[in-house]
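In: Prediction below, plus the sequence it came from.
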Amino acid sequence: MTFQTRGFEFLKDVDVRLTVELGRTEMKLKDVLSLTEESVVLLDRLTDELLDVMVNGKLIARGEVVAQGERFGLRIVELVGQEG
């Protein structure tokens, strides 16, 4: 029996987890436990920096937040590893 594929067409319907990372920080557990509804957590990104877009934990792109109606969205600005 021969297994033939048409490129990667058979993978297009596989579910993956897309994550957009706004920033990171390290905190002590006691500080995490003391967070309240009014707490502010400072992240390691500046407001004008692009956000990381990851698929299953692997960085694939960078983008910026956009608003569409009452929802947030993401505009892809650059794909990682592609010359532009």
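Out: Ah, there it is. In this text the structure is predicted, and so the values were computed from the model without any measurement.

In: For the biggest strand by length in the chain, buried residues please.
Out: Secondary structure of the chain per DSSP state E: the longest strand is strand 58-68. By neighbour count with 16 or more other CB atoms under 10 Å, strand 58-68 contains the buried residues Ala61, Arg62, Gly63. For glycine as for every other residue, the C-beta is placed from the backbone atoms N, C-alpha and C.

In: Repeat that for stretch 42-56.
Out: Neighbour-count burial for stretch 42-56 flags Leu51, Asp52, Val53, Met54 (criterion: 16+ other CB under 10 Å).

In: if you average pLDDT over that stretch, what comes out?
Out: Averaging pLDDT along stretch 42-56 gives 94.

In: And Leu42, how close does it get to Ala61?
Out: 25 Å (CB to CB, to the nearest Å).

In: Which of the helices or strands spans the residue positioned nearest the centre of the chain?
Out: Centre of the chain computed as the mean C-alpha position; nearest residue by CA atoms, centre = their mean is Val20, 2.0 Å away. Element membership for Val20 (DSSP states H and E) is strand 18-21.

In: Mind listing the strands that strand pairs with, and their directions?
Out: Sheet pairing of strand 18-21 (DSSP bridges) gives strand 51-55 (antiparallel).

In: picking that back up, so what's the residue nearest to the centre of the chain up against?
Out: The contact partners of Val20, by CB atoms under 8 Å, 6 or more residues apart in numbering, come to Leu51, Asp52, Val53, Met54, Gly63, Leu74.
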